[in-house]
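**Q** Fold the following, please.
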Amino acid sequence: MALKEATFGMGCFWCTEAIFSNLEGVIAIHPGYAGGHIKNPSYKEVCSGRTGHIEVSRITYDDTIVSFEKLLEVFWYMHDPTSIDKQGNDIGEQYKSIVFYHDEEQKELTEKYKERINHLGVYDKPIVTEIRPLTTYYPAEENHKAYFDNNPDQPYCAMVIRPKVEKFQKIFGKK
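**A** Numbering: from 1, shown residues only. Predicted coordinates:
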């Protein structure tokens, strides 16, 4: 087993966690906050938009089962990388599209993938996804872990997350 980590921001971290938890080779997903200037922020503080943090999911994966490239494929496909600081009804800097890379290889792969998608014209608008080194990360509060699994009938989960999980399963198959 070759464990590695990837950190993605693609809107609400509840959605990101629910999607990536369906991917074979993903060992753990930790919702959290990255990139801001406040130490140990709370969910409420991050949602205020004044901390500079972005909702992210830190993914631990087995590189012998799932590659970083596959994680990027899911990342690019499962959200709108052309939307600035917004995913669906979630609006604010904390919901931006971003890859926080852990090493130079992740940086290079992410930049090449982004360039290729832009060159192929996959989207009608240019991709605005930011690519930054992971310098700060704080885990989210415990009640945010496995949020979709623990709250499947909550309205946001039923109306926003469930359709994304179903889309993932339709496109990528079950695990």
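**Q** Would you mark the buried spots in the longest helix along the chain?
**A** For the chain, the longest helix by residue count, based on DSSP state H, is helix 104-120. Within helix 104-120, the residues scored as buried using 16 or more other C-beta atoms under 10 Å are 106, 107, 109, 110, 113, 114, 117. In short, each C-beta sits where N, CA and C put it, glycine included.
**Q** What is the nearest of those residues to residue 162?
**A** Lowest distance from residue 162 to those (C-beta to C-beta) belongs to residue 117, with 26.5 Å.
**Q** With residue 144 as the reference, measure out to residue 103.
**A** Note on residue 103: its distance to residue 144, by C-beta to C-beta, to the nearest Å, is 26 Å.
**Q** In terms of neighbours, single out the busier of the two.
**A** residue 144 (18 against 13; other C-beta atoms under 10 Å).
**Q** who's the nearest residue to the more buried one once chain neighbours are set aside bridged to?
**A** The shortest distance from residue 144 to any non-neighbouring residue, by C-beta to C-beta, 6 or more residues apart in numbering, is to residue 31 (4.7 Å). For residue 31, the beta-bridge partners are residue 57 (DSSP bridges).
**Q** cool, residue 7 as well?
**A** residue 58, residue 100.
**Q** Also residue 62?
**A** For residue 62, the beta-bridge partners are residue 3 (DSSP bridges).
**Q** Now do the contacts for it.
**A** Contacts for residue 62 (C-beta atoms under 8 Å, 6 or more residues apart in numbering) come out as 1, 2, 3, 25, 27.
**Q** my guess is the third one contacts residue 65, does it?
**A** Translated: residue 3. No: counting by C-beta atoms under 8 Å, residue 3 does not reach residue 65; the two are 10.5 Å apart.
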